[in-house]
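Novice: sequence-free structure coming up:
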């Protein structure tokens with residue numbers, strides 16, 4: 001169950017749930033990657049703060065000589081994945097509120113509130129696109145440094161997300 005939006009005047013306050021389940025690349029890829037949760041990634045992020053946990057997670061990669069060199073790329077990957085999930089959740093929340101409010105809006109010129117929601121939706125989408133680019137960069141860096149196997153037709157982001165899911 002998602003948090004219910006509350007509207008005070010023209011300001012919109014959204015109650016965001018931290019444990020919402022969102023798939024990476026929400027609604028675009030359809031590649032069957034398992035679901036990652038924000039709460040699961042937050043727990044993984046806290047575990048990866050300790051060097052010993054990073055080394056344990058990286059020990060599963062075949063042929064890895066120096067896991068110390070991959071600690072920072074792994075932490076950046078987890079952080080980027082978490083930010084993308086949060087951005088996608090924010091976009092979904094704003095879209096839900098906008099759909100609901102447009103449904104009951106009178107025909108004709110849109111109200112100031114609807115215009116503000118559309119601007120908020122555009123800003124949230126922009127944040128999501130930037131987060132997606134950062135995830136792609138972090139995944140590419142991690143895959144190149146670690147030698148994580150990437151299947152044919154699979155992006156480094158989806159391969160890294162699947163590997164993170166296996167850690168989770």
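Specialist: Structure received. What you are looking at is a predicted structure, and each value in this text was computed from that prediction instead of being measured.
Novice: From residue 93, how far out is the closest residue to residue 95 other than its chain neighbours?
Specialist: The shortest distance from residue 95 to any non-neighbouring residue, by CB to CB, 6 or more residues apart in numbering, is to residue 121 (6.2 Å). C-beta: built from backbone N, CA, C; applies to glycine. Note on residue 121: its distance to residue 93, by CB to CB, to the nearest Å, is 10 Å.
Novice: neighbour count winner among these two?
Specialist: Neighbour count, other CB atoms under 10 Å: between residue 121 and residue 93, residue 93 has more, with 22 against 17.
Novice: Let me see the confidence value for that one.
Specialist: Residue 93 is assigned 96 on the pLDDT scale.
Novice: now the strands for this structure?
Specialist: Using DSSP state E, the strands found in the chain span residues 6-8, 11-13, 21-22, 36-37.
Novice: Report the mean per-residue pLDDT for the second one.
Specialist: Averaged across strand 11-13, the pLDDT comes to 37.
Novice: Around residue 153, how many other residues sit close by?
Specialist: 7.
Novice: cool, residue 120 as well?
Specialist: By other CB under 10 Å, 18 other residues sit near residue 120.
Novice: cool, and residue 132?
Specialist: Neighbours of residue 132 under the rule other CB under 10 Å: 19.
Novice: and the nearest residue to it once chain neighbours are set aside, how far is that from residue 70?
Specialist: Nearest in space to residue 132, with sequence neighbours left out and distances taken as CB to CB, 6+ apart, is residue 84 at 5.9 Å. Distance from residue 84 to residue 70, counting by CB to CB: 20 Å.
Novice: same check, this time on residue 81
Specialist: Taking CB to CB as the measure, residue 81 falls 16 Å from residue 70.
Novice: out of these two, which sits in the busier spot?
Specialist: The neighbour comparison of residue 81 against residue 70 (other CB under 10 Å) goes to residue 81, with 26 against 22.
Novice: Does the more buried one touch residue 36 like I think?
Specialist: Yes: look at residue 81 against residue 36 with CB atoms under 8 Å: they come within range, at 6.7 Å.
Novice: Fine by me, thanks again.
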